[in-house]
Every structure is written in C-alpha cells, then in structure tokens.
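Got a predicted model here, sequence first, then my questions.
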Amino acid sequence: MLDWVEERGAAVSRAQRLSRSVLDARRGRAMAWFCAQGRLIEANGAFLSLYGYRMAEIRGAHHGAFVAPETNGERRLARLWRSLALGLPHHGEVDRIDSDGHGFAALERLEPLVDRTGA
C-alpha cells in the first residue's frame with residue numbers, strides 16, 4: 001500500500017508511518033492508499049473533496065486517472081510504479097486533474113509501506 005502524505009525527517013517504522021497516516025487523515029490532508037499495482041484502495045474525505053469524487057466512483061481506479069493527460073505517459077507511470085515496488089519513495093510537485101478535468105498542481109509524496117520482509 002502507498003500513502004500519499006507529506007512526511008519529513010528520518011526513516012521511520014511502518015507503525016510510525018501508519019500512525020502518522022491516521023493523524024494526517026484526521027488533519028484534513030488529502031490522502032489516498034493504492035495497492036502495489038497502482039489501483040486506489042481507499043481515500044480520505046479531503047482527497048475525495050479535492051478531486052470531486054465519491055469513493056464508489058474511484059475505488060479500483062489506477063493512479064494514472066488522477067494525473068494530467070500531458071504527464072500521464074504510460075512508460076512514465078510504469079517506471080514510477082516499478083520504483084515504488086522496489087521501496088523507493090516519490091515526491092515532488094505534480095500536475096493532477098479533478099473529476100471535471102480541471103488541472104491543478106499538487107505536492108505529492110508516495111511512500112511505500114512495507115513490512116519487515118519487504119512485502
């Protein structure tokens with residue numbers, strides 16, 4: 001699973017990241033959780049409001065559905081998800097689109113959540 005979360009500082013344990021995820025979600029940060037193949041599992045209310053969706057509309061949607069078309073290259077997304085599968089985080093300013101197709105810039109952090117075995 002992946003957290004979309006702003007996280008600063010040194011490496012932290014999975015439990016600490018999960019705990020921070022819960023706190024961030026309660027603070028109203030837009031967050032979504034994706035499986036290793038990039039399909040949306042869950043999103044908090046702030047994410048749904050920002051993107052203009054209901055959870056039922058987007059559960060199972062690929063991460064690429066939220067990426068602006070001009071930056072949604074299939075190869076680029078494949079590279080991103082391969083690197084995340086290797087445990088490498090991704091962060092930076094990205095172009096996203098909402099349910100009406102309006103673009104906006106977002107500061108994104110995709111953080112792989114893995115257990116002690118790396119799974």
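Now that the structure is in, tell me what you want to look at.

could you point out where the protein is predicted with low confidence?
The chain contains residues with pLDDT under 70 at 1-27, 72, 114-119.

in stretch 42-49, what's buried?
By neighbour count with 16 or more other CB atoms under 10 Å, stretch 42-49 contains the buried residues 43-44, 46-48. C-betas here are computed from N, CA, C, even on glycine.

show me the contacts for the nearest residue to residue 68 once chain neighbours are set aside.
The shortest distance from residue 68 to any non-neighbouring residue, by CB to CB, 6 or more residues apart in numbering, is to residue 95 (3.7 Å). Contact analysis of residue 95 by CB atoms under 8 Å, 6 or more residues apart in numbering lists 67-68, 70-71, 103-106.

ok, which stretches of this structure are strands?
Ranges of strands in the chain, per DSSP state E, are 2-4, 32-34, 40-43, 90-97, 103-112.

Point out the most buried one among the ones you listed.
strand 2-4 (a mean of 23; mean count of other CB atoms under 10 Å).

thought residue 41 was touching residue 47?
No: in this structure residue 41 lies outside contact range of residue 47 using CB atoms under 8 Å: 11.9 Å.

Between the two, which contacts overlap?
Contact criterion CB under 8 Å, 6+ apart; no residue bridges residue 41 and residue 47 by contacting each.

wait, what's in contact with residue 97?
Residue 97 makes contacts with 66-69, 103-104, as judged by CB under 8 Å, 6+ apart.

With residue 89 instead?
Residue 89 sits next to 109-112 when contact means CB under 8 Å, 6+ apart.

Throw the residues you listed into CSV and include distance to residue 79, thanks.
Shown next, in CSV, are these (distance: CB to CB, whole Å):
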residue, distance to residue 79
109, 17
110, 13
111, 17
112, 15
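
For the contacts of residue 97, which two are the farthest from each other?
Put simply, by CB to CB the two of the contacts of residue 97 set farthest apart are 69 and 104, 13.6 Å from each other.
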